Each structure stands twice: as structure tokens, then as C-alpha cells.
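A.B. asks: Need coordinates for the following:
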Amino acid sequence: MKVSFQYWDGLSTQKVRVYSVILGDSKESEFDKFENKEFPGRDGELAYLYDLIELITERGCRKHYFRFEQNANAVAVLYDDIDDIREQDGNSADQGIRLYCYIREDDLLVLFNGDVKTVQNPRDCPNVGNHFKRALKIASKIDQAIADGEINLDDPFPFTDIELEI
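C.D. replies: Residues are numbered from 1 along each chain as shown. Next comes the predicted model:
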């Protein structure tokens, strides 16, 4: 499957360049798809997530903002009301919303897709499993393209006209 990149001008700042990926011939990026999902009863958690993304773009991709899961990451939503959400849903395994991403250095953030994580191992989760596995594949391909010189991180727009195959 072909992977291309979309620059997010509205999220990018002087400090952090933000991209998302487009899979195949889709008209929507993976982050667009995430934003268009319904997350009933999770308005506070979503607001926290978007506030955190804004903070990341202002301060840089500092490691404490992320959960590291092999070579992919998730924006680390440590939302105070997750216990209330678990109680309302009757799902004690609810681990909150995960938005998978790739970070490189302090100034590059690539947003993927995500959902509500319901089991400890993201590979086994019916909601985030596919997003997680895809994030791992894309992150590996990005790392390889950087190592091979196909992606130059010194370029102000390093993913312009870049397509990867996963």
C-alpha cells in the first residue's frame, strides 16, 4: 500500500512541523479520519488530547508527552476523568483514547489514527490494533527512508513528494 504525507499548516509552528499520512488513494489523511470519529462521552478527553497536541507544537516533541510503543508512539493522554468513563461504560479495561504518531527529533510530528484502547497489548485491541500495527510499519519505513537518504530532515518540508510502500 502506498503511503504519502500531508503537511498540517494549521497545526505546524516555528517549533514543530506536523504531518499526517494518507493511505493509498484515500482523500482523507489518517488524522482526518481520527478527527471525524465519534467518541461519545469523551469530550473532556478529546479536548485534553487536542490541548496536548497544541502544547507539543509550542514546546517541541518532548518525550514525556508520548507513550513509546516500539518505534511508534501514542500521544500520552493521562486524563483525570478516565475512571469516571470506565465506571459509566462498565469497562474497567478502558485505557482511554490513543492517537498513534511518529516523532523524530524535537521538531517533527507525524499523526496517524487511533481509537479507544481496551486491552493492555495494543496489538490485541479490536479498536486500536490495526492502527497500532500500521503505525509500526510506517514508522519503520520512515526510519529506513531517513537512513537511506530518501528523506532529508534538514529540509524544511522533508516529506514533500515522498511516497513509501508498506
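
A.B. asks: need the next SSE after the helix-or-strand element of the chain with minimal mean pLDDT, C-terminal direction.
C.D. replies: Within the chain, no helix or strand scores below helix 82-89, which has a mean of 54 by mean pLDDT, DSSP states H and E. The helix or strand immediately downstream of helix 82-89 is strand 97-104, counting by DSSP states H and E.

A.B. asks: Output the contacting helices and strands for that next one.
C.D. replies: Under the contact criterion of 3 or more C-beta pairs under 8 Å, 6 or more residues apart in numbering; DSSP states H and E, strand 97-104 touches helix 43-59, strand 66-69, strand 72-75, strand 108-116, helix 129-147. Where you see a C-beta, it was placed from the backbone N, CA and C, and this is true even at glycine.

A.B. asks: now it: mean pLDDT?
C.D. replies: On average, the pLDDT along strand 97-104 is 94.

A.B. asks: Give me the distance from that strand to the chain's centre.
C.D. replies: Distance of strand 97-104 from its chain centroid, counting by C-alpha atoms, centre = their mean, to the nearest Å, is 3 Å.

A.B. asks: Same check on stretch 10-25?
C.D. replies: With C-alpha atoms, centre = their mean, you get 10 Å for stretch 10-25.

A.B. asks: And stretch 63-78, by the same measure?
C.D. replies: With C-alpha atoms, centre = their mean as the basis, stretch 63-78 stands 9 Å off its chain's centre.
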